[in-house]
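Give me the fold of what follows.
(2 chains)
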Number of protein chains: 2
Amino acid sequence: MLVDKIEEIAGILMKYHHFIITSHTNLDGDALGSELALYFMLQQLHKDVIIINQDPIPYIYTFLPGISEIVCYEDLEENYFLNINPDTVLITLDSSNLERIGTISQNIDTVKLIVNIDHHPSNTNFGHLNYIDASSSSVGEIVLQLGQALECKLTEQIATALYTAIITDTGSFRFANTGVKTFYSTFLLVKAGAKPHLIANHIYANQKLSGLKLLSDALQKLQVDPVSKLSWTVVTRDMIERNSAKDEETEGIADKILSIKDIQVSAFFRETSEGKTKISFRSKGEFNVDHFSRIFGGGGHPNAAGCQLEGNINDIVSKVITALKRATLILNKGK
Amino acid sequence: MLVDKIEEIAGILMKYHHFIITSHTNLDGDALGSELALYFMLQQLHKDVIIINQDPIPYIYTFLPGISEIVCYEDLEENYFLNINPDTVLITLDSSNLERIGTISQNIDTVKLIVNIDHHPSNTNFGHLNYIDASSSSVGEIVLQLGQALECKLTEQIATALYTAIITDTGSFRFANTGVKTFYSTFLLVKAGAKPHLIANHIYANQKLSGLKLLSDALQKLQVDPVSKLSWTVVTRDMIERNSAKDEETEGIADKILSIKDIQVSAFFRETSEGKTKISFRSKGEFNVDHFSRIFGGGGHPNAAGCQLEGNINDIVSKVITALKRATLILNKGK
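Numbers count the residues shown, from 1 in each chain, chains lettered A, B, ... in the order given. Below you'll find the predicted structure:
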């Protein structure tokens, strides 16, 4: 069932008592902020609610109020899902398809209802109820509206969680999804007690020296093709290990290499600890990296998407950049 | 005369007909955005108005509507100020003292009135009228209120100029000056037609490859002192020339090196083309870099300030870092 009004979804949530909230693997600020805000809202309504994620919390988000309440899937007792209340509702946030929530998706036959709340245009409407608003900068913006429909009090905790969701998914208000609704939402959140400076410090001023040295190395390897308006760079395991860095410290490199004048599309290649290559695409203008990354089995948003490939990293760079050059050529010719 | 209500200043501006708007040397987004917005507002009121700055426009701001109307001091005809209308009002924006507007300050004996509008707490109230609001993120926020008091229409041009003022002075909503009023202001500006994504692209995604390579080099030289919670780095003429970069491409390095976890204060040393050393201080917490930089004849805001010193750059780094360590030690001991 597709739901097109936030009041409808609020009405349905009101009827149930037991909730599991989850989100996608590789947790980000929108996933965690939206989960925690909805968790506090449902608690205000005296509901029985738990957040379960497949992946652990990245360190930059450990400041979030309530973060220690989040349960990691592997810490659940065996048969947890077999023993849940038969009326339990699973709410998935920010997940464009059911597989994105990870192995949890293979254990949810016992839930009564799946409520799928998302802002990805590529969402597959996998839930029993699907509220997809691609005009929202973030799921955080949707959860704010949901809280209003549920008549919840906008506490400082909720405001902090939702501000984190919005600031991370808009790249601190720099991405194309930043609109009038975004600023009205953040106005309400800051009025309710969210502290922009302190939240921004946790997210953007919490880098390790190793992360900045790794950025420096990645920028040394930066390449541009002015004809195709492309930029790209690579971070290998060797570079990560040489700087004693962690994989999560590569966060931000994908955006940084798009910051060059006249460059329209960028690709950031990172070798994973399993020897695969994770690619983050970014674009400034019309080039739809969501569509492009689907060629390689990935997806995301029109201006930020990704995929993961197996094979030799140099071969992958060569293959993907060739494909990108061809795709941007078609777009540029069409003008 | 100190003016404490925006309506009072609006009332005074209404009475006059001839205006010169100016701002500080080393023009930034708040200076230019506020100047242009006020220029368009006074034009709506059919006033005779001109913007004159000492310095040329940095390239990242050339997208601003009306930017080509701005006159550079050296392009004025000789005796320009001697021949102005005797009732001309000079409005200085974002300048904490009269010297900050540069050589223009030595030529304004013929103006009738100086109206000083600023948000620096260190403002010396040098005008005949002084409206200083240190609670505003930017002069842009003040000019928005002034426009409302003048009953001007908030056009897309004005909104774009003021959004630029706010985004640059808040570091894209990350600095401590970002508050409820900031988000309410940007909500109004975006509603009036400012395009957050496009403006952010001009300011943050308009770097040259040379600038990113220079950042990479600066990060290689990055040093931290965990005890004093300090970080610092240096950009010499040699580094600028080796990367074929311009001085303005060092913009952003000062903020970047403060982004390290637990670092509270940072100093960025840049060798100028005149062989001096320009120092940009940043801080996250209580450490007041405005006060600290005044020791060396500089100034600014509590979390962002600067100064300029003569002598050997290595000696200057050594002297300033020693002083910073001492100052942070006193602050940390006091806790």
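
where in chain A is pLDDT low?
A:334-335 (pLDDT under 70).

quick one, strands of it?
According to DSSP state E, chain A carries its strands in the segments A:18-23, A:48-53, A:71-72, A:89-93, A:113-118, A:129-132, A:223-225, A:230-235, A:265-271, A:277-283, A:299-301, A:304-309.

Would you mind giving those strands as a markdown table with distance to residue B:165 and mean neighbour count added?
Placement of C-beta: from N, CA and C, glycine included. Shown next, in a markdown table, are these (distance: least, Cβ to Cβ, whole Å; neighbours: other Cβ atoms under 10 Å in any protein chain shown):
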| stretch | distance to residue B:165 | mean neighbour count |
| --- | --- | --- |
| strand A:18-23 | 37 | 24 |
| strand A:48-53 | 40 | 19 |
| strand A:71-72 | 45 | 14 |
| strand A:89-93 | 35 | 26 |
| strand A:113-118 | 35 | 23 |
| strand A:129-132 | 36 | 22 |
| strand A:223-225 | 31 | 15 |
| strand A:230-235 | 29 | 23 |
| strand A:265-271 | 28 | 24 |
| strand A:277-283 | 27 | 24 |
| strand A:299-301 | 29 | 22 |
| strand A:304-309 | 27 | 20 |
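
which stretch among those strands comes nearest chain B?
Judged by Cβ to the nearest Cβ, the one of the strands of chain A that comes nearest to chain B is strand A:223-225, at 5.8 Å.

next one: that closest one to chain centre, how far?
Strand A:223-225 sits 27 Å away from the centroid of its parent chain (Cα atoms, centre = their mean, to the nearest Å).

Pull out the buried residues from stretch A:76-88.
Of the residues in stretch A:76-88, A:80, A:81, A:84, A:88 count as buried by neighbour count, 16 or more other Cβ atoms under 10 Å in any protein chain shown.

list the contacts for the second one?
What that stands for is residue A:81. Counting by Cβ atoms under 8 Å, 6 or more residues apart in numbering or on different chains, residue A:81 makes contact with A:107, A:108, A:109, A:110, A:111.

How many residues are close by the last one?
The one in question is residue A:111. Residue A:111 has 21 neighbours, counted by other Cβ atoms under 10 Å in any protein chain shown.

now it: how far from chain B?
Per Cβ to the nearest Cβ, to the nearest Å, residue A:111 is found 38 Å from chain B.

and that residue, what is it in contact with?
A:20, A:81, A:84, A:88, A:89, A:90 are the contacts of residue A:111 under Cβ under 8 Å, 6+ apart.

my guess is the fourth one meets residue A:20, correct?
Yes - taking contact to mean Cβ atoms under 8 Å, the distance of 6.1 Å between residue A:88 and residue A:20 places them in contact.

Pipe the strands of chain A into a markdown table and attach distance to residue B:244 per row.
Compiled in a markdown table, those are given as follows (distance: least, Cβ to Cβ, whole Å):
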| stretch | distance to residue B:244 |
| --- | --- |
| strand A:18-23 | 45 |
| strand A:48-53 | 47 |
| strand A:71-72 | 50 |
| strand A:89-93 | 47 |
| strand A:113-118 | 46 |
| strand A:129-132 | 48 |
| strand A:223-225 | 14 |
| strand A:230-235 | 18 |
| strand A:265-271 | 22 |
| strand A:277-283 | 25 |
| strand A:299-301 | 35 |
| strand A:304-309 | 31 |
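
can I get those in TSV with distance to chain B?
Shown next, in TSV, are the strands of chain A (distance: least, Cβ to the nearest Cβ, whole Å):
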stretch	distance to chain B
strand A:18-23	24
strand A:48-53	23
strand A:71-72	23
strand A:89-93	24
strand A:113-118	21
strand A:129-132	22
strand A:223-225	6
strand A:230-235	8
strand A:265-271	10
strand A:277-283	10
strand A:299-301	13
strand A:304-309	12
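
In space, what's closest to residue A:119 - neighbours in sequence excluded?
Nearest residue to residue A:119, sequence neighbours excluded (Cβ to Cβ, 6 or more residues apart in numbering or on different chains): residue A:136, at 4.5 Å.

Give the burial count for that neighbour, as a bare number.
By other Cβ under 10 Å, 23 other residues sit near residue A:136.

Can you tell me how far it is from residue A:305?
Per Cβ to Cβ, to the nearest Å, residue A:136 is found 17 Å from residue A:305.

Same question for residue A:5.
Going from residue A:5 to residue A:305 by Cβ to Cβ gives 29 Å.

Next: residue A:2.
Residue A:2 sits 24 Å away from residue A:305, going by Cβ to Cβ.

Just give me the closest of the buried residues of stretch A:76-88 to residue A:140.
Nearest to residue A:140 out of those is residue A:88 (Cβ to Cβ; 24.1 Å).

The closest one: what's it in contact with?
For residue A:88, the contact set (Cβ under 8 Å, 6+ apart) comprises A:18, A:19, A:20, A:110, A:111, A:112.

Now tabulate those in CSV and tack on distance to residue A:131.
Listed next are those as CSV, based on distance: Cβ to Cβ, whole Å:
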residue, distance to residue A:131
A:18, 20
A:19, 15
A:20, 17
A:110, 23
A:111, 17
A:112, 17
